[in-house]
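> What follows is a predicted protein model with its sequence.
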Amino acid sequence: MLTARMTMLQDEENGRIARELHDSAGQLLAAIAMNSVLVEAETHKVSAPAAKGVSENAAMMKEVSKQIRTISYLLHPPLLDEVGLGSALRCYIEGFLERSKIDVKIDIPMDLARFSEEVELSIFRLVQECLTNIHRHSGSPTARIRITQKGACVRADIEDAGKGMPLEREPGSPAHTGVGLRGMRERLRLLGGTLHICSDSDGTRVTAILPTVRATAVVPATQEVDRPVALTSEASITDESGCARQRG
Ligand SMILES: Nc1ncnc2c1ncn2[C@@H]1O[C@H](COP(=O)(O)OP(=O)(O)OP(=O)(O)O)[C@@H](O)[C@H]1O
Ligand SMILES: [Mg+2]
């Protein structure tokens, strides 16, 4: 639980640093680049080594600017605050599709409501983690992301048609070493939600259900949420009891 709280605090801090980087260093670099264009236009008036220095500076500035943007994007998903979960996810998935060559089907309603910052960020991070896992571990050529809203809950399903999770690597089992899914489970629990994993040799489906109304108290770890997720039955996936755990 402490880990999840720290993750939330880190999210806030990361968002602040990302905005700061973009707005201060990023803007200053943009201004320097504009000035450089003026100098570059007159390089014929200076010595060859000086002109070379000016052109190298311009290239380095471009690179620093790109790196700052990348760091800022990694710290906090761009667009999430401005355009909301649906559009930010579509944008991210399109990039993933190009990089990974995995055919990702997106099933997200165009009119998906806005949720709290922490709910939107948690679902965004979950989809990111699951797609990375699909790319790294599943061997699946396809994936499907589905976001649905029902009552006061939002549900995310991330599916692949890969080889499935080795039993001993499932979160909760002693041999599990990954931080990804365990961290996601804790993050969701802190928001009163649940994470279920259904995996067999036909593929893996990760389902998160989150209350969209902020809980007033942290939901205690229940046996169901905490148990190792060696779930193989479809019934476990369609269970929407996450909503019942909502407080406040
Ligand atoms: N979609 C998937 N298909 C097959 N196996 C998976 C899939 N997702 C996860 N796994 C298995 O479950 C394990 C745990 O995943 P988890 O994301 O927690 O850790 P990781 O990806 O190994 O490391 P980390 O996320 O900390 O970088 C993985 O090591 C992998 O063996
Ligand atoms: Mg992982």
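Received it, and whenever you're ready, just let me know what you need. Ligands and ions are numbered 1, 2, ... in the order given.

> Close to ligand 1: what parts of this structure are there?
With C-beta under 6 Å from any ligand atom as the criterion, the chain meets ligand 1 at residues 133-134, 136-138, 160, 162, 164-166, 169, 171, 176, 178-182, 204. Backbone N, C-alpha and C define where each C-beta goes, glycine included.

> Ligand 2 next: which of those are close?
133, 178, 180 (C-beta under 5 Å from the ion).

> Could you identify the least confident member of the residues you listed?
Lowest pLDDT of these: residue 178, 74.

> between the ones next to ligand 2 among the residues of the chain next to ligand 1, which is closest to ligand 2?
Using C-beta to the ion, residue 180 is the member of these that lies nearest ligand 2, at 2.8 Å.

> Scan this structure for its longest helix.
Longest helix of the chain, by residue count under DSSP state H: helix 48-75.

> ok, residue 156 - how many residues close by?
Using other C-beta atoms under 10 Å, residue 156 has 25 neighbouring residues.

> Extract the residue ranges of this protein that are flagged as low pLDDT.
1-4, 168-177, 214-248 (pLDDT under 70).

> of the residues of the chain next to ligand 1, buried ones?
Neighbour-count burial (16 or more other C-beta atoms under 10 Å) applied to those gives 133-134, 137-138, 160, 162, 164-165, 171, 176, 180-181, 204.

> Same list, the residues you listed, but as TSV with secondary structure please.
Output for those, formatted as TSV (DSSP: H, G, I helix; E, B strand; the rest coil):
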residue	secondary structure
133	helix
134	helix
137	helix
138	helix
160	strand
162	coil
164	coil
165	coil
171	coil
176	coil
180	helix
181	helix
204	strand
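
> Show me what residue of the protein gets nearest to ligand 1.
Closest residue of the chain to ligand 1, C-beta to the nearest ligand atom: residue 178 (1.7 Å).

> And what about that residue, helix, strand or coil?
At residue 178 the chain is in coil, as set by three-state DSSP.

> Need the phi and psi values for the closest residue to residue 163 other than its chain neighbours.
Once flanking residues are discounted, residue 163 sits nearest to residue 139: 5.3 Å by C-beta to C-beta, 6 or more residues apart in numbering. Its backbone dihedrals place residue 139 at phi 70, psi 10, with angles given as degrees, to the nearest 10.
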